[in-house]
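S.K.: How does the following fold in three dimensions:
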Amino acid sequence: MGSRNEIKLPGRIPEAFYVIIMHMLKIYILDASPLKNGELFNSIYETMTPYRKTRIDRLKPAASKRESLGAGYLLSRALSELGCSYLLDALKDGPNGKPYFDCSLLPSGKSDDIFFNLSHSGEMVMCAIAHKPVGCDIQKMDKDVFKIARRCYAEGEKNYVLGKYAADEFEDADLRDIIPELEIKGINDRFYRIWVMKEAYTKLSGEGIQRDFRSFDVLDVPGHFLEYKLNDHRLAVCMDENDDIAAFDKPEIVTIKGIN
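M.R.: As a prediction, this is how the structure comes out:
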């Protein structure tokens, strides 16, 4: 089993986003809701590459457009800090839609071992960037989880999330009428812990939603995880079995200039 480390982030974000610096791994978190301002949205949109503009333009919901623009902004900011902004011109979608840097697209053909992953949910956007493959996920904890857990989780995960309520006798019951509120809170927290870990794990490999979530138990995989809570969001980062990110259990949280 891989390593798991959970860090509770501060409940209030004083600026637009944090950068969590962990040696070669950086995790950026952005509140994209200020992009509801049309002037601000347009000004940042115009700084994006054709690749990012195309991804934004093909989305219909305004919230999805804001999240996609926020993801592009975070990636641009991360690469700028690393002195690698030129990699934005090497962005390309992989076989299952996971974007990556194809350095053969650059005039110099220069190769940099820089990997990234993006995620967004409920106006919050996340970018993980590292010198080795990485997967990340952020989820707003706002879904009715009981049926989803039964339908999408492996047997061990269902037992972990639902406990005694994973038994067949409760399959058709409305569990919200049966379970005490305190137990529901625990079930929700465990559900989202598993969900973001599964997403991060499959995004690390590039499989994403193409992989049947019931086909593996994320509590028993070789990946190494970092887990976070931020208000009503749950987050996870995953790197492969050769990367001991378990050592990064005390990240430095740095407030940097927000979008304005």
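
S.K.: Tell me the backbone dihedrals of Gly97, please.
M.R.: Phi and psi for Gly97, reported as degrees, to the nearest 10, are phi 90, psi 0.

S.K.: Could you report the neighbour count for it?
M.R.: Gly97 has 10 neighbouring residues, counting by other Cβ atoms under 10 Å. Quick note: C-beta positions are derived from backbone N, CA and C, even for glycine.

S.K.: In space, what's closest to it - neighbours in sequence excluded?
M.R.: Spatial nearest neighbour of Gly97, excluding adjacent residues (Cβ to Cβ, 6 or more residues apart in numbering): Gly208 at 6.7 Å.

S.K.: So what would you say the end-to-end distance of stretch 120-136 is?
M.R.: In terms of Cα to Cα, to the nearest Å, the two terminal residues of stretch 120-136 are separated by 10 Å.

S.K.: what separates stretch 180-193 from the chain centre, distance-wise?
M.R.: 20 Å (Cα atoms, centre = their mean, to the nearest Å).

S.K.: Any buried residues in that stretch, and which?
M.R.: 187-188, 190-193 (16 or more other Cβ atoms under 10 Å).

S.K.: repeat for stretch 69-84
M.R.: 69-79, 84.

S.K.: now stretch 219-237
M.R.: 219, 221, 223-230, 233-237.

S.K.: nearest to Ser64, of the residues you listed?
M.R.: The closest of the buried residues of stretch 219-237 to Ser64 turns out to be His233 (Cβ to Cβ; 16.8 Å).

S.K.: Is the closest one in contact with Ile138, as I believe?
M.R.: Yes - counting by Cβ atoms under 8 Å, His233 touches Ile138, with 5.6 Å between them.

S.K.: Now the common contact residues for the two.
M.R.: Contact criterion Cβ atoms under 8 Å, 6 or more residues apart in numbering; residues bridging His233 and Ile138 by contacting each: 121, 124.

S.K.: Let me see the ranges of the strands in the chain.
M.R.: Applying DSSP state E to the chain gives strands spanning 4-8, 17-22, 25-31, 91-93, 99-101, 115-121, 124-130, 135-140, 224-230, 233-239, 252-256.

S.K.: Where among these is average confidence lowest?
M.R.: Per-stretch mean pLDDT for the strands of the chain is lowest at strand 252-256 (a mean of 37).

S.K.: Next step: the buried residues of stretch 69-84 restricted to helices.
M.R.: 69-79 (DSSP state H).

S.K.: So which of those is the closest to Glu169?
M.R.: Ala71 (43.2 Å).

S.K.: residues contacting the closest one?
M.R.: Contacts of Ala71 (Cβ under 8 Å, 6+ apart): 118-120, 125, 127.

S.K.: could you redo the strands of the chain as a markdown table and give each row distance to Tyr160?
M.R.: Below are those laid out as a markdown table (distance: least, Cβ to Cβ, whole Å):
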| stretch | distance to Tyr160 |
| --- | --- |
| strand 4-8 | 13 |
| strand 17-22 | 27 |
| strand 25-31 | 25 |
| strand 91-93 | 34 |
| strand 99-101 | 32 |
| strand 115-121 | 22 |
| strand 124-130 | 24 |
| strand 135-140 | 17 |
| strand 224-230 | 14 |
| strand 233-239 | 15 |
| strand 252-256 | 29 |
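
S.K.: Any idea which of those gets closest to Val161?
M.R.: Val161 lies closest to strand 233-239 among the strands of the chain, at 12.8 Å (Cβ to Cβ).

S.K.: residues near Ser33, how many?
M.R.: Close neighbours of Ser33, defined as other Cβ under 10 Å, add up to 15.

S.K.: residues contacting the closest residue to it other than its chain neighbours?
M.R.: Leaving aside its sequence neighbours, Ser33 sits nearest to Glu123 (Cβ to Cβ, 6+ apart; 4.5 Å). Glu123 is in contact with 31-33, 63, 66-67, counting by Cβ under 8 Å, 6+ apart.
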